[in-house]
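Trainee: structure, please.
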Amino acid sequence: MQVLKVLAIVSVAATMALALAHPLELPGKMRLGKEPYIDVQRIYYPGFAIGGFAESLALLLTLILLLLTPGHTSTF
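Mentor: Got it, this is the predicted structure:
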């Protein structure tokens, strides 16, 4: 159960970090012209595609953790 908790927290943290990366990188991207912006998007895209897997994993692990946690306990 502890391993499941750690995996769920790490996958949710990775998902949140990628979500936060978008607004944090926006000021730098706003300074780019059209062509450099498109080049930068090609660089970032594979990493964020992997992040989509982390998001699905986070949802799945959190659901499993919810289903395995007894409802009558303070942990729930």
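Trainee: off-centre distance for stretch 7-20?
Mentor: Put simply, stretch 7-20 sits 4 Å off its chain's centre (C-alpha atoms, centre = their mean, to the nearest Å).
Trainee: pull out the buried positions in it.
Mentor: 7-8, 11-12, 14-15, 18 (16 or more other C-beta atoms under 10 Å). Any C-beta I mention is one placed from the backbone N, CA and C, and that applies to glycine too.
Trainee: from these, pick the one nearest G47.
Mentor: For those, the minimum distance to G47 (C-beta to C-beta) is 8.0 Å, reached by L18.
Trainee: so T75: helix, strand or coil?
Mentor: Put simply, T75 is coil when judged by DSSP: H, G, I helix; E, B strand; the rest coil.
Trainee: where's the closest residue to it other than its chain neighbours relative to A14, distance?
Mentor: Leaving aside its sequence neighbours, T75 sits nearest to T69 (C-beta to C-beta, 6 or more residues apart in numbering; 5.7 Å). Note on T69: its distance to A14, by C-beta to C-beta, to the nearest Å, is 22 Å.
Trainee: residues near the nearest residue to E25 once chain neighbours are set aside, how many?
Mentor: Once flanking residues are discounted, E25 sits nearest to Y44: 7.9 Å by C-beta to C-beta, 6+ apart. Using other C-beta atoms under 10 Å, the number of residues around Y44 comes to 13.
Trainee: element containing I43, please.
Mentor: Following DSSP states H and E, one finds I43 within helix 34-68.
Trainee: roughly how far does the residue nearest the centre of the chain sit from M1?
Mentor: Residue closest to the average C-alpha location in the chain (C-alpha atoms, centre = their mean): T15, at 0.9 Å. In this view, T15 and M1 are 21 Å apart by C-beta to C-beta.
Trainee: could I get the buried residue list for the helix holding I43?
Mentor: Judged by neighbour count (16+ other C-beta under 10 Å), helix 34-68 contains these buried residues: 51, 54-55, 57-58, 61-62.
Trainee: and the helix or strand bottoming out on mean pLDDT in the chain, what does it pack onto?
Mentor: Lowest on mean pLDDT, DSSP states H and E among the helices and strands of the chain sits helix 34-68, with a mean of 86. The elements that helix 34-68 packs onto, with contact taken as 3 or more C-beta pairs under 8 Å, 6 or more residues apart in numbering; DSSP states H and E, are helix 2-30.
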